[in-house]
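Novice: return a 3D structure for these sequence lines:
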Amino acid sequence: MTNIEQLQQDYAHTTPIVVKWGEMDAFQHINNVAYIRYLEDARLALFAQLGMLNDLTACNKGPILANISCDYLAPVTYPDTLYIATNIHQTGPKKIALEQVIYSEKLGKLVAKAHSLGVYYDYAALASCEVTEAISQALNKLNQP
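Specialist: Numbering: from 1, shown residues only. Okay, here's the model as predicted:
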């Protein structure tokens, strides 16, 4: 059985999210769009930790989301606290892959699994670019056993 401690061992980064009443829909569970926002919040927290947001300010380069998929495993209802656990790997000179899971404290289990692909992007040139050396090093350090 998965628990929060296990997630923290298996994933590089964990972000807690408190579910809000207004995120529920007419079917009385959290709307699927909210899950995508939760994944984004966790992704950005990890990007900040790695220095990617500094890259954006310093050299106008940073990640841009190219693809995301989410498998919904169980409905979530208010109130709850969710934990979004994220692993991130550089899969090429320009690409970063993320694996994320969402764990419900109230249900005591995973409620969603997601995969996404980020591409490093030069916002001035409006074109993809290689991941900066500093970020490559930070990713390698994060993923060392």
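
Novice: now name the helix or strand holding the spatially most central residue of the chain.
Specialist: Residue closest to the average C-alpha location in the chain (Cα atoms, centre = their mean): Arg43, at 3.1 Å. When secondary structure is defined by DSSP states H and E, Arg43 falls within helix 32-50.

Novice: buried residues in the following helix or strand past that helix?
Specialist: Where DSSP H and E defines the elements, the next helix or strand beyond helix 32-50 is helix 52-59. Going by neighbour count (16 or more other Cβ atoms under 10 Å), the buried part of helix 52-59 is Met52, Asp55. (C-beta placed from N, C-alpha, C; glycine too.)

Novice: continuing past helix 52-59, what's the next helix or strand?
Specialist: Toward the C-terminal end, the helix or strand that comes next after helix 52-59 (DSSP H and E) is strand 61-72.

Novice: next helix or strand past that following strand?
Specialist: Once strand 61-72 ends, the next helix or strand along the chain (criterion: DSSP H and E) is strand 81-90.

Novice: ok and the next helix or strand after that next one relative to strand 81-90, angle-wise?
Specialist: Scanning forward in sequence from strand 81-90 by DSSP H and E, the next helix or strand is strand 95-104. The directions of strand 95-104 and strand 81-90 differ by 160 degrees, with axes from the mean of the first three to the mean of the last three Cα atoms, to 10 degrees as the criterion.

Novice: now for strand 95-104, which elements pack on it?
Specialist: Under the contact criterion of 3 or more Cβ pairs under 8 Å, 6 or more residues apart in numbering; DSSP states H and E, strand 95-104 touches helix 4-10, helix 32-50, strand 81-90, strand 109-122.

Novice: each with direction, which strands does it pair with?
Specialist: Strands that pair with strand 95-104, judged by DSSP bridges, come out as strand 81-90 (antiparallel), strand 109-122 (antiparallel).

Novice: what about Pro93? Give its phi and psi, please.
Specialist: Its backbone dihedrals place Pro93 at phi -60, psi -20, with angles given as degrees, to the nearest 10.

Novice: and it, how many neighbours does it have?
Specialist: 11 (other Cβ atoms under 10 Å).

Novice: ok, back up a step: weakest of the helices and strands packed on strand 95-104 in terms of mean pLDDT?
Specialist: Looking over the helices and strands packed on strand 95-104, mean pLDDT reaches its minimum on helix 4-10, with a mean of 92.
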